[in-house]
Every structure is written in C-alpha cells, then in structure tokens.
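What shape does this take:
(2 chains)
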Amino acid sequence: MKTINSPAELRRLKEEIKTKMHGSDSGFREKVRIRVHSGTSGLASGAKSILDFITQELEKRNIDAQVIRTGDLGYCFAEPTIEVTRPGEAPVVFGNVDKLKADEIIEKFIKNGEYIDGVLPVNYQTIN
Amino acid sequence: MAKKRMQLFVCSGTGCTDLHGEAVLDNLKLELEANALENDIQVIRTGCFGLCSLGPIVKVMPGDTIYTGVQPEDARDIVEIHVIKGQKVERLLYRDHESSRVLSCSSEMSVHVKQLRIVLRNCGIIDPENIEEAIARDAYEALGRVLSEMTPEEAIKIVKDSGLRGRGGGGFPTGVKWEIARRNKADEKYVVCNADEGDPGAFMDRSVLEGDPHSVLEAMAICGYCIEASTGLIYIRAEYPLAVARLKTAIKQAKDLGLLGQNIMGSGFNFDIEIRYGAGAFVCGEETALIHSMEGLRGEPTVKPPFPAESGFRGKPTNVNNVETFACISPIILKGSKWFSSIGTEKSKGTKVFALAGKINNVGLIEVPMGTTLREVIFEIGGGIRNGKKFKAAQTGGPSGGCLIEKHLDTPIDFDNLIAAGSMMGSGGLIVMDEDDCMVSVAKFFLDFTVEESCGKCSPCRIGNKRLYELLEHITKGKGTPADLQRLKNMCYVIKDTSLCGLGQSSPNPVLSTLDNFREEYEAHVIAKKCPAGQCRDLMEYFIIAENCVGCTACARVCPVNAITGERKEPHLINPEICIKCGACKEKCKFDAIIIR
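Predicted coordinates:
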C-alpha cells in the first residue's frame, strides 16, 4: 500500500474507498453487507460460530454478500448480534442469533427482505 | 416466500410490554386476519426503541411511521386507516408539546432517543482490522487538519474550550492537562494511553479498543503534536488479548499508510506508538503506579507532585489520558469545541459511556449525554430491574465510588452531582442492585476487592482496609455491636485521610455511602442480628411453619446434614444447631412451609 503524504491525499483515499464501497453511479450493484459483532462480549456468546456459519452458508446458497467482522454494538444482553444491510436500505440489527435464526435471516431477510422477529431498533443517535 | 407489502414493528422491550404491548401485537394480528391481510402484512416483534416513556411503540414500514402510546383497542384503526386506506392515524402520532409539531418518523423522533454515540460512533460498524473502513468514517482526518492547519496551541485551545474532562474517573480538564505537559520543556516527552481498565463491571475501554482502535491512535498522535512528544505508549492489561491483537493490527496498518511513524502526512511530525502490557493490577490505573509498571518497576504509586506532566515516564514530562477521553478528541477537532460543549451539563460536557451490569434487563454498553438522569439510564435504556424486582441502589465508580439510591434517581448524572451524592463517576461502571441485595455484603464485596488490589506500600491502605474488611465480616456474621458502626466510620476517615494514592483515599467510599444510605440495614445486622435482604447466611434461620407443613418428608430426605426431623404426616422441625443453611429444603418444599427468618 502506498503511503499518504498529505491531508489532501488522505481525503482522496477516503473518496476512493467510499466509491469502492458504494459505487460512483446509480448503476452500481451493491452487495448485501452482514456485520457480525465480534468483540469479547459477542465472541463469548458464540459470534465466531455464527460468522463461520453465515460465511459458509452464503457460499453454499450462492448469495453474493460481504461478511464483516466488527466490534460490539453494546447490546450485551442480546449477543450474538448481527447487522444486515440490504442495498439501498437501512441496516437492521438482529439479536440472540443462533444457527437456526441465522438460517432464517439468510432465507427470509437476506434473500427476500422479509423481516423476522427479534429486530433490535436503533435506539441511539450517532454523530456520523 | 416473497417480501411482504408492509411491516408492523411492535416493541417488545420491557417498558412497552409492561404497557400491554403484547396485547397490541395480538390485536394487530387479529385485525389483519379479520381483513384477510395476514399474508400480505407482517407483524414483527422488536427490541426496545429507546422511547419507553412514549410506549407502547408501533412502527410501520415502509414509510417509517411511528405511533406512540398505542393501546390494544387502537389496533383496529392502525389496520383500517393505515394499512388499508394508506392514511396515517393522526391521533396516535406523537405531538411535541413545545412546538406542538407532529413528529411522525424515526429521524424526527430521535430527539426523544436518550443515547448519543460519540465515543462509540464506530463500534460495531467498522471492521477494526481494516483501516480503510475507519478512514471512510473520518479516521485520521482530524489529525490531518491539526498537522496542516493548526499550531499546537490552537489545537489545545479547542480541546480546552470543549470542556472535555478525563473519563478515567478523576474528571480533570483534558485541555489543561495537555497545556501543562506542553509547558514543561524537555528533549523527550511521552503520551500514554491508560487502558488499564480495572473497575469491576466496566468494559467500555475494551469495547472501544476492540471496535475502533484507530480513534485512540489518532487522538494520541494529536496529543503528541500538541505537547511535542514523539512516542506514544498504550498501557493495556494482558487480560484483553483481543483488544491487544486488534491494536497491533491497527498500529501496523496506520504505519504502513504513513499515518503514524516518520513525517506523518508530509508534515515533518514524527509519532510512533508502542504497547506496554500490565498484569491486571487495579492500582496500575493510577498514573504514577502505571508509569512505574511501564518502567519495569513494581506498580506502586508515588506522592504527587511531581505530577507526570513534570516528571513521568523515564523522568520526562508525560501526559496520561484514558481510552474514552482519547476517543472524544477527533470529533471535537472536526466538529469544534462549541459543538461538544453544547452537549452535557454546565460543568461536565459531552457524553459518557456506562457499562450497565447487575440486576438490570439490558446489560451492556450505553452512551448518554452528561446530565441524563439515573432513572432514564436504568428504567428506559436499561429496560428496568430484572424480574420486576424493586430498585434498591446503583453503584457507580466501582470500588472507589458509592451507591446512589431511590432519591438520586432524578439527579442529572455528571461529575459534580455524583460527588455531591456521595459517589463518583469513576470509569462508568454502573452496577444495579435490587431488593434482594444486602448492602453490608455489597460494601464487603468491594472491600474484598480493594484488600486484594492494595499494593501494600502505605500502611493505612494495606492494614486499614484489611481491618475494615474484617469488621464488616464480623457484622455479617452477626458478631457486630452497635459500637462497631462508629468504629467503622472512624476507620474509614483515617484511611481516606492518610492513604498515599487514590486507591486508599477512595476505598472506604462504598462503606461510607452504604452506611449513610442504609444505616437501618447495618443496625439490623448489629442489633437484631438479622439480614433484612436475607443474604447473610449466618444471620438466617430456616424455619418450618407448622400450619403449612403436611409432613410429606421431602425436606427431611433432601437435607444433607439430617437437620430436619418429624413423623410422616406431622409438621416437621429444623434443628438450627445442625442446619447449614444450604436452602435445599426450601427449594424442595411444595407447600411454602419453609421460610427464612
């Protein structure tokens, strides 16, 4: 990776990254993004096996999606939690995800956008 | 199965469920069925919307319409007017009292959402092991701006004007700290990040480092530029392996991109960050002890002054800040001091992360503006007390803090109000206790922790806390006398007044605060020799109510020490001399004949 030599270069890199993620024109086909919250609290509740399960099943079922390993959201009471963002839609967080539920999320929500019980609404404001 | 035309999200958080949210959900389903719409429209149970005071909440998608205070009988209108006719049910929309404007969607309702995430802005959102994701969300932009557009003085002024105070517990103004470190001239200076998170129940630093390590690295570099330091050190406990691993990756990625290291972004400023490991000693959260530990010496505190800003790591000026404090820096630089100081109370600006633990429904991390009340934190965001029990107290500030009780529920939480209430902010651990918790035992628990963690250097802390613990143990065993309460208090003050560092100076706080707030509970222990919460084993007596006992012998059979006697079909008796108070009999009894008294 090349080094950044000025703040302007950093800003350029940022734009490049954003384009890579979201595309520059409306014709860009975004992937479904799945964030598996894998901080200590998530991992302690089994986030690792959910991450592996989802990665494996997406491949098996031929779904083109990006799985991202992130830190925790703070919902320790509902771990493991995962967040699914369908292209052009707001992210949706699911709590208490086990393999059964992960399967349901893939089949119903990721494939068809059909919601299932256990959605955790965004109950906070953020600055970005 | 196809995507449904419309979704009705019904909050099944504790708050809404208490307000008949479940009946709302059932009725919505019934109404949909009555109109043969159950295959078209989906009713979904969700977690808490954070709008508990306006509950029960129903959200309709698409359209993002939020209905508040929905009663079971309102289900018909929602289905007939909204679902079928496509119009909003005006009377169920929230009307803001001040502007009398109708707020109908999530973004408009967000003013009623209690949490605001500044420190946790990226946690759970970015991949901490991919610097690109962090950069896409503004990481290192503040550093770039500081290096190219500001003098160190200007940057310090922004931090100072923002009113940011140290989040590690003390609440010392961060900008002032930086200014002092800058003023002390030396050939070498150090920036230290205190990641030695030690309060029982607090884990916000770990979460930030695991979820968004770049926010801390960037802020350390900004601090380095401000105080003219070229080395940053992160002191982290080795018990946080995941945080350590992610930090290492983050440091490497930032160095590879030239965002750390030599000549950062072409500015000529050099800054490197290294990791130093702690062995998990509580006292090493104190800055002088932390510095000694980093130098390879015993983790013992020394008298201040000299402060680390004058003579710290290797005798050089050193600025020590906590993880959460650093995580606030970049947004302050990017959004300005006025933005930050507009959040919070008069003397405590910004937000604070709390780790909710104990007898609370929604255990986890939350971030709220300073000045949010304890009631909002526990009963709205936290979802209330587990199993519908009664709130008794909340311990803030860990083993150095005190407990807040019912009368403090509506006090806005900030640094000064917590001190006035006899507790302190600490690092933000918030342990909630319910009616079943014995406050003498709680004080004893924290003392046990301090005794274990005292470094042993000064006698008031080493010997005093041990004696204090013994006295508490005495009381919980029913051997205390009323005079012991005064002795307890005196000892607390001696330890507070004569200990060397913050650990000893604050360790008696849990005792003093429980003594103040729950004196009657202590008195019950020493006078009546009873534990009102039924927690102190030695003060309990298992007793069989003869009228309720049918003589089934189940208790006698389960008793491991044969303390229960009695003929079949006759009331049984427990011999208190033999009973070991294991509770097995009470659990077994189907007739509620066995009580603790």
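
Does residue B:120 lie in a helix or a strand, and which?
Per DSSP states H and E: residue B:120 is located in neither a helix nor a strand.

Any idea how many residues pack against it?
29 (other Cβ atoms under 10 Å in any protein chain shown). For every residue, glycine as well, the C-beta is placed using N, CA and C.

Identify the residue spatially nearest to it, adjacent ones excluded.
Distances taken as Cβ to Cβ, 6 or more residues apart in numbering or on different chains put residue B:367 closest to residue B:120, at 5.1 Å, once the chain neighbours are dropped.

Roughly how far does residue B:349 sit from chain A?
14 Å (Cβ to the nearest Cβ, to the nearest Å).

I'd say that residue and residue B:161 touch.
No - between residue B:349 and residue B:161 there is no contact under Cβ atoms under 8 Å: 9.7 Å.

Compare the two and say which is more crowded by neighbours.
residue B:349 (24 against 16).

so that one bridges to which residues?
Residue B:349 has these beta-bridge partners by DSSP bridges: residue B:344.

give the contact list for it.
Contact analysis of residue B:349 by Cβ atoms under 8 Å, 6 or more residues apart in numbering or on different chains lists B:162, B:163, B:164, B:165, B:340, B:341, B:343, B:370.

Which ones among those map onto helices?
Using DSSP state H, B:162, B:340, B:341 are the members of those that sit in helices.

Would you mind giving me the ChimeraX syntax to select the buried ones in the contacts of residue B:349?
Of the contacts of residue B:349, the buried ones can be selected in ChimeraX as follows, counting by 16 or more other Cβ atoms under 10 Å in any protein chain shown:
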select /B:162,163,164,165,340,341,343,370
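
which of the contacts of residue B:349 lies closest to residue B:51?
Nearest to residue B:51, judged by Cβ to Cβ, of the contacts of residue B:349 is residue B:343 at 19.9 Å.

Might one say that the closest one is in contact with residue B:119?
No - between residue B:343 and residue B:119 there is no contact under Cβ under 8 Å: 12.0 Å.

Now list whatever residues contact both of residue B:349 and residue B:161.
Taking Cβ under 8 Å, 6+ apart as the contact rule, residue B:349 and residue B:161 both touch residue B:341.

For whichever residue of the stretch 201-350 of chain B sits closest to chain A, the count of nearby residues, please.
For the stretch 201-350 of chain B, the residue positioned closest to chain A under Cβ to the nearest Cβ is residue B:211, at a distance of 2.1 Å. The local packing of residue B:211 (other Cβ under 10 Å) involves 28 other residues.

what sits against it?
Neighbouring residues of residue B:211 by Cβ under 8 Å, 6+ apart: A:39, A:70, A:71, A:72, B:120, B:122, B:123, B:124, B:126, B:128.

Among these, which ones are in strands?
Among those, DSSP state E puts residue A:70 in strands.

Output the contacts of residue B:211 in TSV, with distance to residue B:326 and pLDDT appended to each entry.
Formatted as TSV, the contacts of residue B:211 follow (distance: Cβ to Cβ, whole Å; pLDDT from 0 to 100):
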residue	distance to residue B:326	pLDDT
A:39	18	94
A:70	20	95
A:71	16	94
A:72	19	93
B:120	13	95
B:122	14	94
B:123	14	93
B:124	19	91
B:126	17	93
B:128	15	95
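
and the contacts of residue B:211 as TSV, adding distance to residue A:45?
Listed next are these as TSV, based on distance: Cβ to Cβ, whole Å:
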residue	distance to residue A:45
A:39	10
A:70	15
A:71	14
A:72	10
B:120	19
B:122	21
B:123	16
B:124	14
B:126	21
B:128	18
